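K.L.:
Need a 3D model of the sequence below.
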Amino acid sequence: LDADNYQTDPRLKEIREAENYSWMDIITIHKDKLPNYEEKIKTFYEEHLHLDDEIRYILDGSGYFDVRDKDDKWIRISMEKGDMITLPAGIYHRFTLDENNYVKAMRLFVGEPVWTAYNRPADDFPARKQYMKFLAEEAQ
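P.N.:
Numbering: from 1, shown residues only. Here you go, the predicted model:
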């Protein structure tokens, strides 16, 4: 995606319309830009899940999403300017910055945003059970 022109990028518009991403905001994670920076960084790095998909589009900077694979091992996904990721509801994950300690990201949602993170263990939520069912079906 064209992060330098995200406001007018037709590809981003297509994605938003196709996936019904009706709400968005922009977050800058840097010690000089994010209130309660140290606390937020620790929160982002706690292993957690959400009950809705988490969609992030990196507009500048870089960082890592760590996700659990089907064997519960970590997979590190490097994210940089122009990258977009969708983490499905129910997947355990965490986020951290790289050595540049800076990222600017668009957060996208279907409908009103829900910010609630459920730290592990959170296996009893329907979103987690549905995600585990999906993994089991994919393994077959």
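K.L.:
And stretch 17-26, what's buried?
P.N.:
Residues of stretch 17-26 classed as buried under the neighbour-count rule (16 or more other CB atoms under 10 Å) are residue 21. For the C-beta atoms, the positions are set from N, CA and C on the backbone; glycine is no exception.
K.L.:
Could you tell me the end-to-end distance of stretch 76-87?
P.N.:
The stretch stretch 76-87 measures 13 Å between its terminal residues, going by CA to CA, to the nearest Å.
K.L.:
what do you get for stretch 94-114?
P.N.:
With CA to CA as the measure, the ends of stretch 94-114 fall 17 Å from one another.
K.L.:
This structure: strands as residue ranges?
P.N.:
If DSSP state E is used as the criterion, the strands of the chain fall at 23-29, 48-49, 54-68, 74-80, 84-87, 93-97, 103-109, 118-119.
K.L.:
got JSON lines for these, with mean pLDDT too?
P.N.:
Shown next, in JSON lines, are the strands of the chain (pLDDT from 0 to 100):
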{"stretch": "strand 23-29", "mean pLDDT": "97"}
{"stretch": "strand 48-49", "mean pLDDT": "98"}
{"stretch": "strand 54-68", "mean pLDDT": "98"}
{"stretch": "strand 74-80", "mean pLDDT": "98"}
{"stretch": "strand 84-87", "mean pLDDT": "98"}
{"stretch": "strand 93-97", "mean pLDDT": "98"}
{"stretch": "strand 103-109", "mean pLDDT": "98"}
{"stretch": "strand 118-119", "mean pLDDT": "98"}
